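> got a structure for you, letters missing:
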């Protein structure tokens, strides 16, 4: 079992879905990632919050395997985001994004973090992702997330990141845009040639596709009530990377199980608002969902 | 093993894809269905062709387990369809649809077909689907396909069909339209209440979702070269229904394997134009693709 370092956003989210509203709840990519990954391994968090992020909010991290030495606390307001989902959850409108203290965020790794073997660079400016990598000593396995905004806006810096990561976790639309290939197999091979040997393609309500040499795919769990999809991608990434970091060796078998671990956590997370379901989740419930994925997808030979 | 009866279109297709063109090749829902189903069981075809459908075209059926007693041959031209796919295969434009002899088609079952235990009603007017059902004596298992055109245009007759089938095979968009539910689990349950105990939802490049009580899902096989998707849905239906008809009993295990059988045939079919790949396919290649689906989707327990 290896510890994993993650750098990204910790935020206050306000969320409106067809099932209700949640106001000023703790969110952010690094938060979802850390809570999810902590089910499988020790997490070292690098992020920034304002002085409005109190002991009450800190409780989302407490009692978990999450090291907060790298969580900076600075004067000002925490990153705030407000989003509203359409009735069918097919689209999401961002009402506002206030970067606040995140605007000036420069990740500084505590000395105790610098030889962390697993690293996950959440979806932040590629220049910051590179700054983090420069501070880590010979990591064993590095993964990154990114988005259209950086693919279009900072392609040069993103390319540098891609040249230094073992895995990239993106969605299908981003994979097509990054590669310029509409066929996902060709897109995957093109992105692998940019650096990451392992590519994880998130397909939202259609599940996940992953490849090194061979492909492994899992459909999304059919859910009768999706209450709030916020953070599902980061939760998946946390479960996936946490599981990988907990393994002795990263084989195709381990990668496949890591995809299921991430999918199980993500499918549980969306059944309630924000982090609510993840925070009360037991390992028994996680095992049950893992088993449900097996029932959903396994079949006997011809 | 039970024989299966199918009724639907036999056509001349002209197809343009980013990979090339095929002109006036044999196609039609009932053709793809019959060829696919004949890998698993005896097929009894009910359809109509014109006198331009010669012995040469008949060869697509020959040497297979396809009974052509119910294939009417009448003066006039065979159903013709021409379609063109977009560069990324995400959309298809119908250049023309000439129903020709299909316009006056009234399915008449030969006496030898009337006690066929398995029936598949391809995507035709619900009134014709009902006419077929009225001619079959106590079928054991009936499945139907339909489309938005009938959901919107002939809802009353479609409801009558739904009340008389054991299974419905449609795509996700049609499932949402038919049920008025955007959530696929709720959509499935609503459609099941209309009649079919078994619902098969085709999701195109995202695979297939099937349910009676529990759900079973399979992602689509990632393919580097999709040459021509024409007939993929009918090929899936043929493999699925042919496999069910070949089973002693329809259990959840059998349904799951039938989904893979259909998916394997459909994924092979799209790798070449029209029926080309299906017509030269060996059972060894089909088994290999079935095994490839297992490698794509199976994982070890947590």
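Perfect, I can see it now. Since we're looking at a predicted model, the values are computed, not measured.

> per-residue confidence for the nearest residue to residue A:86 once chain neighbours are set aside?
Excluding the flanking residues, the one nearest residue A:86 by C-beta to C-beta, 6 or more residues apart in numbering or on different chains is residue A:92, at 7.3 Å. To be clear about C-beta, it is placed using only N, CA and C from the backbone, and glycine gets the same treatment. Per-residue confidence (pLDDT) for residue A:92: 92.

> Bridge partners for residue A:92, pull those for me.
residue A:85 (DSSP bridges).

> What count of nearby residues applies to it?
Residue A:92 has 14 neighbours, counted by other C-beta atoms under 10 Å in any protein chain shown.

> How about residue A:177?
Residue A:177 is flanked by 16 other residues according to other C-beta under 10 Å.

> where does it land in three-state SS?
Under the three-state scheme (DSSP: H, G, I helix; E, B strand; the rest coil), residue A:177 adopts helix.

> so what's it up against?
By C-beta atoms under 8 Å, 6 or more residues apart in numbering or on different chains, the residues touching residue A:177 are A:148, A:151-152.

> most surrounded residue in these?
Going by other C-beta under 10 Å, residue A:151 tops these with 17 neighbours.

> So it sits against residue A:176, correct?
No. At 10.2 Å, residue A:151 does not count as touching residue A:176 under the criterion of C-beta atoms under 8 Å.

> Name the helix or strand for the residue most central in space within chain A, please.
The C-alpha lying nearest the average C-alpha coordinate of chain A belongs to residue A:234 (C-alpha atoms, centre = their mean; 2.5 Å). Using DSSP states H and E, residue A:234 maps to helix A:232-246.

> so what secondary structure elements neighbour the very next helix or strand once past that helix?
Using DSSP H and E, the helix or strand that follows helix A:232-246 in sequence is helix A:252-269. Contacts defined by 3 or more C-beta pairs under 8 Å, 6 or more residues apart in numbering or on different chains; DSSP states H and E place helix A:252-269 against helix A:29-37, strand A:208-211, strand A:215-218, helix A:232-246, helix A:276-280, helix A:283-297.

> and the closest residue to residue A:298 other than its chain neighbours, what pLDDT?
In this structure, residue A:298 finds its nearest non-sequential neighbour in residue B:298, 5.9 Å apart by C-beta to C-beta, 6+ apart. We have a pLDDT of 97 for residue B:298.

> picking up where we left off before, residues in contact with the residue nearest to residue A:86?
Shown in contact with residue A:92 (C-beta under 8 Å, 6+ apart): A:83-86, A:229.

> residues of the helix or strand harbouring residue A:188 that come out buried?
Per DSSP H and E, residue A:188 falls inside helix A:184-193. For helix A:184-193, burial by neighbour count (16 or more other C-beta atoms under 10 Å in any protein chain shown) applies to A:184-188, A:190-192.

> Stretch A:235-254 now?
In terms of neighbour count (16+ other C-beta under 10 Å), stretch A:235-254 has its buried residues at A:235-247, A:250, A:254.

> distance between the ends of that stretch?
18 Å (C-alpha to C-alpha, to the nearest Å).

> Likewise for stretch A:40-60?
Terminal residues of stretch A:40-60 are spaced 17 Å apart (C-alpha to C-alpha).

> That one vs chain B: in contact?
No. Legend: contact between stretch A:40-60 and chain B by C-beta under 8 Å from any C-beta of the partner chain is lacking; minimum distance shown is 10.1 Å.

> and if you look at stretch A:274-285?
No. Using C-beta under 8 Å from any C-beta, stretch A:274-285 stays clear of chain B, with a minimum separation of 9.7 Å.

> and the closest residue to residue A:256 other than its chain neighbours, what does it touch?
Among residues not flanking residue A:256 along the chain, residue B:299 sits closest, at 4.1 Å (C-beta to C-beta, 6+ apart). Counting by C-beta under 8 Å, 6+ apart, residue B:299 makes contact with A:216, A:218, A:253, A:256-257, A:259-260, A:294.

> Tell me, how many residues neighbour residue A:229?
Residue A:229 is flanked by 19 other residues according to other C-beta under 10 Å.

> Can you tell me who the closest residue to residue A:105 other than its chain neighbours pairs with across the strands?
Closest residue to residue A:105 in three dimensions, ignoring its sequence neighbours and counting by C-beta to C-beta, 6+ apart: residue A:48, at 4.6 Å. Counting by DSSP bridges, residue A:48 forms beta bridges with residue A:72.

> can I assume residue A:48 is in contact with residue A:71?
Yes. Counting by C-beta under 8 Å, residue A:48 does reach residue A:71; the two are 7.4 Å apart.

> Pick out whichever of those two has more residues nearby.
Applying other C-beta under 10 Å to residue A:48 and residue A:71 shows that residue A:48 carries more neighbours, namely 26 against 20.

> Can you tell me how far that one is from residue A:101?
Look at residue A:48 and residue A:101: by C-beta to C-beta, to the nearest Å, they are 5 Å apart.

> What of residue A:271?
According to C-beta to C-beta, residue A:271 and residue A:101 sit 31 Å apart.

> The two - which one has more neighbours?
A count of neighbours by other C-beta under 10 Å puts residue A:101 above the other of residue A:271 and residue A:101, at 23 against 16.

> Verify the contact between the more buried one and residue A:78 for me.
Yes. Look at residue A:101 against residue A:78 with C-beta under 8 Å: they come within range, at 6.3 Å.

> anything in contact with each of the two?
Residues touching both residue A:101 and residue A:78 (C-beta under 8 Å, 6+ apart) are A:49-50.

> A strand includes residue A:120, no?
Yes. Assessed by three-state DSSP, residue A:120 belongs to a strand.

> Can you tell me the closest non-neighbouring residue to it?
Spatial nearest neighbour of residue A:120, excluding adjacent residues (C-beta to C-beta, 6+ apart): residue A:6 at 4.4 Å.

> May I ask you to confirm that that neighbour is in contact with residue A:38?
No. With contact defined as C-beta under 8 Å, residue A:6 does not reach residue A:38; the gap is 10.4 Å.

> Overlap in contacts, those two.
Contacts common to residue A:6 and residue A:38, judged by C-beta under 8 Å, 6+ apart, are residue A:238.

> The two: who's more crowded?
Neighbours of residue A:6 and residue A:38, each counted by other C-beta under 10 Å, are more numerous for residue A:6; the result is 30 against 21.

> Mind listing what's buried along the regular element (helix or strand) spanning the more buried one?
Element membership for residue A:6, per DSSP H and E: strand A:4-7. By neighbour count with 16+ other C-beta under 10 Å, strand A:4-7 contains the buried residues A:4-7.

> Same question for stretch A:222-236.
Of all the residues in stretch A:222-236, those buried under the rule 16+ other C-beta under 10 Å are A:222, A:226-236.

> Identify, from the residues you listed, the entry nearest to chain B.
Using C-beta to the nearest C-beta, residue A:222 comes nearest to chain B of the buried residues of stretch A:222-236, at 4.8 Å.

> Sounds good, over and out.
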